[in-house]
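Participant: missing the sequence, but the structure's below:
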């Protein structure tokens, strides 16, 4: 079954690479609708993971999410995008972080937030 999703993911990545940016969203909708029609809605996460793996193999990073306590400047976003070219960048503001940021790169997480550091301190000093 894993090879099945791998082949579909490869076809999706190939189609996306050939499609104009404005057509890529429509292409994704068609793939999702077809899976739903075939009663395979539960397998959407499998396909998403397979597409991410294929994308990473071909182009490097697949998904980068930066959650920041404060909005990033346009200049900072441009700098980040130039470093992670080819990746899908999502920037989210979460004031509950207090300060700093959390960077998620595919399945890796780097928590440089003040909230994260406070949680570490709390768990270090308060043993359940």
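Facilitator: That came in fine, so what should we check first? Everything quoted here is computed from the prediction, not taken from an experiment.

Participant: report the residue ranges of every domain in the chain.
Facilitator: Domain segmentation of the chain under automatic domain parsing yields 2-59, 63-125.

Participant: mean pLDDT for those domains: which is lowest?
Facilitator: Sorting the domains of the chain by mean pLDDT places domain 2-59 lowest, at a mean of 86.

Participant: dump the domains of the chain to CSV, plus mean neighbour count.
Facilitator: For the C-beta atoms, the positions are set from N, CA and C on the backbone; glycine is no exception. Output for the domains of the chain, formatted as CSV (neighbours: other C-beta atoms under 10 Å):
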stretch, mean neighbour count
domain 2-59, 14
domain 63-125, 14
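
Participant: next up, the contacts around residue 60.
Facilitator: Residues near residue 60 by C-beta atoms under 8 Å, 6 or more residues apart in numbering: 84-87.

Participant: what's the answer for residue 46, then?
Facilitator: The neighbourhood of residue 46, defined by C-beta under 8 Å, 6+ apart, consists of residue 5.
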